[in-house]
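Undergrad: Below is the sequence, then the predicted model.
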Amino acid sequence: MTEEHRVTEEPRTRRRQARGERRMADILDAAAKVFAQLGYEKATTNAIAAAAGISPGSLYQFFPNKEAIAQALADRFVAEMGGTHRTAFENLDFAALDLDELLDRVVDPIVAFNVANPGFKALFARPDMPAGLTGAAQPIQSALLGRVAAILAALDPELPDEDRDRAARVLVRIFQAMLPAVVDAPEPERPAEVRELKKVLRGYLAPIARED
């Protein structure tokens, strides 16, 4: 390949790569909407392709099946959720906060993320994880469990590790069980649903934090 040909070909390659990245992003955007509308089980690659405005054949150039789309969407959600977790959990002295303030600081940004990303709820914010998505959800679950365990350790440094980890799992399950009702509530009703969620979480946390 001559130097002139290389100079001409490299911009074309970059443009093709950019178009491919945009097309993949469009497919994932469409998948998030389809999963939110139909649920993971009923969603099909044909429906996702139609929502993305492409043929199924074009979709298969990027993703071989629905599971691969869900995995890629999970990876994107993990990256976006990382920012939400930093907002909710980092740079906070949990031991210095009362439970009401702690729950406001932690729950509100996570609820806001799920409201803004209904496809995330359809895939991962549910207690009955669909078969095939367990692996995709694992990074999200592990990160959240670790953050909650850290809060519990701050609230009660003497809490045995086994009890702390069990309590973290219970708290995450409570949150996941109640979150769909919060996200699905009409906007005027949602703040009341959030208050009920925090009330339940507070009731579980109060004995650990030794608050009445």
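TA: Good, I have the coordinates. Small disclaimer: the values here were computed from a predicted structure and weren't measured. Numbers count the residues shown, from 1 in each chain.

Undergrad: Quick check: next helix or strand after the worst-scoring helix or strand of the chain on mean pLDDT?
TA: Lowest on mean pLDDT, DSSP states H and E among the helices and strands of the chain sits helix 118-123, with a mean of 74. Next along the chain after helix 118-123, taking DSSP states H and E as the criterion, comes helix 134-155.

Undergrad: The residue lying closest to residue 159 once chain neighbours are set aside - how many residues pack around it?
TA: Nearest residue to residue 159, sequence neighbours excluded (C-beta to C-beta, 6 or more residues apart in numbering): residue 152, at 6.1 Å. Backbone N, C-alpha and C define where each C-beta goes, glycine included. Neighbours of residue 152 under the rule other C-beta atoms under 10 Å: 21.

Undergrad: Show me this structure divided up by domain.
TA: As assigned by automatic domain parsing, the chain contains the domains 1-64, 66-212.

Undergrad: thinking again about what came up before, who does the least confident helix or strand of the chain touch, helix- and strand-wise?
TA: helix 3-38, helix 66-89, helix 99-116, helix 161-184 (3 or more C-beta pairs under 8 Å, 6 or more residues apart in numbering; DSSP states H and E).

Undergrad: hmm, 6 Å instead?
TA: helix 3-38 (3 or more C-beta pairs under 6 Å, 6 or more residues apart in numbering; DSSP states H and E).

Undergrad: Residue ranges in this structure under the pLDDT threshold?
TA: Across the chain, residues meeting the criterion (pLDDT under 70) sit at 1-14, 16, 124-137, 212.

Undergrad: For residue 118, see how far away residue 28 is.
TA: Look at residue 28 and residue 118: by C-beta to C-beta, to the nearest Å, they are 14 Å apart.

Undergrad: who's more crowded, these two?
TA: Using other C-beta under 10 Å, the more surrounded residue of residue 28 and residue 118 is residue 28, with 22 against 17.

Undergrad: mind checking how far the nearest residue to the more buried one once chain neighbours are set aside is from residue 39?
TA: Residue nearest to residue 28 in three dimensions, not counting chain neighbours: residue 73, with 5.2 Å by C-beta to C-beta, 6+ apart. From residue 73 over to residue 39 the distance is 14 Å, taken as C-beta to C-beta.

Undergrad: Who has more neighbours out of those two?
TA: For residue 73 versus residue 39, the count of surrounding residues by other C-beta under 10 Å is larger for residue 73: 23 against 13.

Undergrad: Could I get the buried residue list for stretch 62-77?
TA: For stretch 62-77, the neighbour count (16 or more other C-beta atoms under 10 Å) marks 62, 63, 66, 67, 69, 70, 71, 72, 73, 74, 76, 77 as buried.

Undergrad: now could you export just the CA positions of the least confident helix or strand of the chain as PDB?
TA: Extracted C-alpha coordinates of helix 118-123, given in PDB (Å, rounded to 0.1, in the frame of the first residue of the first chain):
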ATOM      1  CA  PRO A 118     -37.200   2.300  31.700                       C
ATOM      2  CA  GLY A 119     -35.200  -0.300  29.800                       C
ATOM      3  CA  PHE A 120     -33.000  -0.900  32.800                       C
ATOM      4  CA  LYS A 121     -36.000  -1.700  35.000                       C
ATOM      5  CA  ALA A 122     -37.300  -4.100  32.400                       C
ATOM      6  CA  LEU A 123     -34.100  -6.000  32.400                       C
END
